[in-house]
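>>> Need the 3D shape of this:
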Amino acid sequence: MTERIKLTFLGTSGMIPSEKRNHPAFLVSYKDENILVDCGEGTQIQFRKAGLNPCKITRMLITHWHGDHTFGLPGILRTLSSSGYKKKLFIYGPRGIKKHIHEMFVAFGDIKEFEIEINEVSGKFFENQDFWLEAENMVHVQPCNAYSFCVKEKIRIDKRKLKKFKIQEGIHLRNLKEGKDFVYNGKKYSAKNFIYKEIGKKISFVLDTSVNEKIAPFVKNSDLLVCESSFHSSLEKLAQEYKHLTSKQAGEIARKAKIKKLVLTHLSERYDKNQKIVLNEARKFFKNTTLAKDLDVVWV
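Below you'll find the model as predicted:
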């Protein structure tokens, strides 16, 4: 059975939250991993609304240290410490994240109930047998990372075929995933008839950056790109001044990077009553575009 990635949009607003949009936070769930990307103010409440348990978080990816992306961090760490969280929590971020979190602990008190490991990252910074994580530096008013969550391509055994030919599982199948033929009850079977390739998956997050040449190569071929779209192109000069993306630029990036689906987020509150102007503009450049809402769930 193919393992799918679940992405929960906990918060989708820009700098100022609205009645329907909380500060940015996104939860990537895959097997036993629950990776929180950013932790804006109110993220704990969004976990409750989504029916999710924050104690299942395994890692946090912080894009940058602006308040709308981090004000929820002191609270959620305190909740974990008082809720029996005993795992080692890994927090990753751009240059300067260690200093910022240390200052946060000075202000709000240390967490002593569980271990926290903080890493300043770029490039591929984590890998296991199932997936890897990578970061790329973006262009913002302070150090900022984009992130990709990449599930590895795998060779799977087709158990339906085994059942069809009445082949029991056992030591004779040890090397089947390596494409090696096997013998069962004195009969030789070809490996290619019993294995199939499970393609890899890639979800990328680009939040708070001005347009730059690093984005498209980094998110290339993503199954899903979650991308900030703070401004309509009519305010491109303002977007450039504050180092953010327009909906036009997000659509152009998606098309250039040959991704499969684009989800816009981090909209300015000025578009609360006219969100379609942002969505429709992006769709002119990349048709398969949607606009994220709080508590949306997407499966990849």
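>>> roughly how far apart are the residue nearest to F218 when sequence neighbours are not counted and G93?
Nearest residue to F218 in three dimensions, chain neighbours excluded: E136, at 4.2 Å (C-beta to C-beta, 6 or more residues apart in numbering). Quick note: C-beta positions are derived from backbone N, CA and C, even for glycine. As judged by C-beta to C-beta, to the nearest Å, E136 and G93 stand 13 Å apart.
>>> if you count what's nearby, which of these two comes out ahead?
G93 (27 against 20; other C-beta atoms under 10 Å).
>>> Now D272, what are its backbone angles?
Dihedral angles of D272 (phi, psi; degrees, to the nearest 10) stand at phi -60, psi -40.
>>> and it, what does it touch?
D272 makes contact with 18, 20-21, according to C-beta atoms under 8 Å, 6 or more residues apart in numbering.
>>> would you list every one of the helices in the stretch 151-300 of the chain?
159-164, 215-219, 236-242, 247-257, 276-285 (DSSP state H, counting those that start in this stretch).
>>> winner for burial among those?
Among the helices of the stretch 151-300 of the chain, helix 247-257 has the highest mean neighbour count (mean count of other C-beta atoms under 10 Å), at a mean of 23.
>>> What's the mean pLDDT across it?
Helix 247-257 comes out with an average pLDDT of 98.
>>> angle of it against helix 276-285?
Put simply, helix 247-257 runs at 30 degrees to helix 276-285, going by axes from the mean of the first three to the mean of the last three C-alpha atoms, to 10 degrees.
>>> I'd like to know which elements helix 247-257 is packed against.
helix 215-219, strand 224-228, strand 262-265, helix 276-285, strand 289-291 (3 or more C-beta pairs under 8 Å, 6 or more residues apart in numbering; DSSP states H and E).
>>> mind giving me JSON lines with the ones you listed and columns for mean pLDDT and distance to I35?
Below are those laid out as JSON lines (pLDDT from 0 to 100; distance: least, C-beta to C-beta, whole Å):
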{"stretch": "helix 215-219", "mean pLDDT": "98", "distance to I35": "17"}
{"stretch": "strand 224-228", "mean pLDDT": "98", "distance to I35": "13"}
{"stretch": "strand 262-265", "mean pLDDT": "98", "distance to I35": "16"}
{"stretch": "helix 276-285", "mean pLDDT": "97", "distance to I35": "26"}
{"stretch": "strand 289-291", "mean pLDDT": "98", "distance to I35": "21"}
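>>> As a markdown table, these with distance to I195 would be great.
Shown next, in a markdown table, are these (distance: least, C-beta to C-beta, whole Å):
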| stretch | distance to I195 |
| --- | --- |
| helix 215-219 | 30 |
| strand 224-228 | 27 |
| strand 262-265 | 33 |
| helix 276-285 | 40 |
| strand 289-291 | 35 |
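>>> Nearest to F205 among those would be which one?
Closest to F205 of those is strand 224-228 (C-beta to C-beta; 4.9 Å).
>>> Break this structure down into its domains, please.
Here the domain parsing of the chain from automatic domain parsing is 6-153+199-299, 156-196.
>>> Ends of the last one, what's the gap?
From the first residue to the last, domain 156-196 extends over 5 Å; the measure is C-alpha to C-alpha, to the nearest Å.
>>> Now do the strands in the stretch 101-250 of the chain.
Residue ranges of the strands in the stretch 101-250 of the chain, as given by DSSP state E, counting those that start in this stretch, are 116-120, 123-127, 131-137, 145-151, 154-157, 182-184, 187-189, 195-198, 201-206, 224-228.
>>> packing partners for the fourth one?
I take that to be strand 145-151. Packing partners of strand 145-151 (3+ C-beta pairs under 8 Å, 6+ apart): strand 25-30, strand 131-137, strand 201-206, helix 215-219.
>>> hey, which of those is tucked in deepest?
Of all these, strand 201-206 has the most neighbours on average by mean count of other C-beta under 10 Å, namely a mean of 24.
>>> what's the angle between it and strand 145-151?
Taking the same axes, to 10 degrees, one finds strand 201-206 and strand 145-151 inclined to each other by 170 degrees.
>>> Extract the C-alpha trace of strand 201-206 and format it as PDB.
Taking Å, rounded to 0.1, in the frame of the first residue of the first chain, the C-alpha atoms of strand 201-206 are listed here in PDB:
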ATOM      1  CA  LYS A 201       7.000  12.700  -3.700                       C
ATOM      2  CA  LYS A 202       8.000  16.300  -3.000                       C
ATOM      3  CA  ILE A 203       6.300  19.100  -1.200                       C
ATOM      4  CA  SER A 204       8.000  22.500  -1.100                       C
ATOM      5  CA  PHE A 205       7.300  25.600   1.000                       C
ATOM      6  CA  VAL A 206       8.300  29.100  -0.100                       C
END
